[in-house]
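Participant: Build the 3D model from these lines:
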Amino acid sequence: MANISKKTPPQPAPQVSTHTEENDMGTIQISDDVIAAVVRKYTLSVPGVARLVGQSIVGGLAGIIGKRIQDRAIRVEMDGERVSISVSIIVRFGEHVPTVATNVQNIVRKFVEELTGQQVGRVNVVVQNLEHEEQLEELPDEGEEPNE
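Facilitator: The predicted structure is shown next:
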């Protein structure tokens, strides 16, 4: 029998949502991924935030040092002329949850507006769970290989 291989047609690239601004010199487009990167970096810098939802503990550390991680925890949408942001987080056990969430709202709004020039309408923070210290202690020390 002859081996017949089916060729799959190339798939179109996924559409990337952008925020566009016109000026005298041309067009500036800022992708949702850029805004999500700002949200990721500054959310993880807030004291009391253990990680984003959907990230493993090690994945959360990778996000801090800049490796690209699929962000199921961050949603960016245009709401008229303003950007609406939703971020789902895990908070360290023992932290005052409303304070951590409010700090996330403030820092995300500040840095998205400062770094992208986009006006932020809303920052919705969903605290999905708490992470106990024992879970954080399971991380290997720097330079040590994780036990598997």
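Participant: the helices in this structure, which residues?
Facilitator: 32-44, 57-64, 97-116, 133-137 (DSSP state H).
Participant: Quick check: beta-bridge partners of Asp79?
Facilitator: Taking DSSP bridges as the rule, Asp79 bridges to Arg82.
Participant: where does the protein have its least confident helix or strand?
Facilitator: Across the helices and strands of the chain, mean pLDDT, DSSP states H and E gives its lowest value to helix 57-64, namely a mean of 52.
Participant: which ones are touching the nearest residue to Val34 once chain neighbours are set aside?
Facilitator: Closest residue to Val34 apart from its sequence neighbours, by Cβ to Cβ, 6 or more residues apart in numbering: Thr116 at 6.5 Å. Just so you know, the C-beta spots here come from the backbone N, C-alpha and C atoms, and that holds for glycine as well. The neighbours of Thr116, taking Cβ atoms under 8 Å, 6 or more residues apart in numbering as the test, are 19, 30, 34-35, 38.
Participant: Serialize those residues to TSV and add fields for distance to Glu77.
Facilitator: Shown next, in TSV, are the contacts of Thr116 (distance: Cβ to Cβ, whole Å):
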residue	distance to Glu77
His19	11
Ile30	14
Val34	14
Ile35	10
Val38	15
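Participant: quick one: which of these has the most company?
Facilitator: Ile35 (23 neighbours; other Cβ atoms under 10 Å).
Participant: Any idea how many residues pack against Gln105?
Facilitator: Gln105: 19 neighbours (other Cβ under 10 Å).
Participant: The nearest residue to it once chain neighbours are set aside: neighbouring residues, count only.
Facilitator: Excluding its sequence neighbours, the residue lying closest to Gln105 (Cβ to Cβ, 6+ apart) is Val123, at 4.3 Å. By other Cβ under 10 Å, the residues close to Val123 number 21.
Participant: Nearest to His132 among the contacts of Thr116?
Facilitator: Checking those against His132 by Cβ to Cβ gives Val38 as the nearest, at 28.9 Å.
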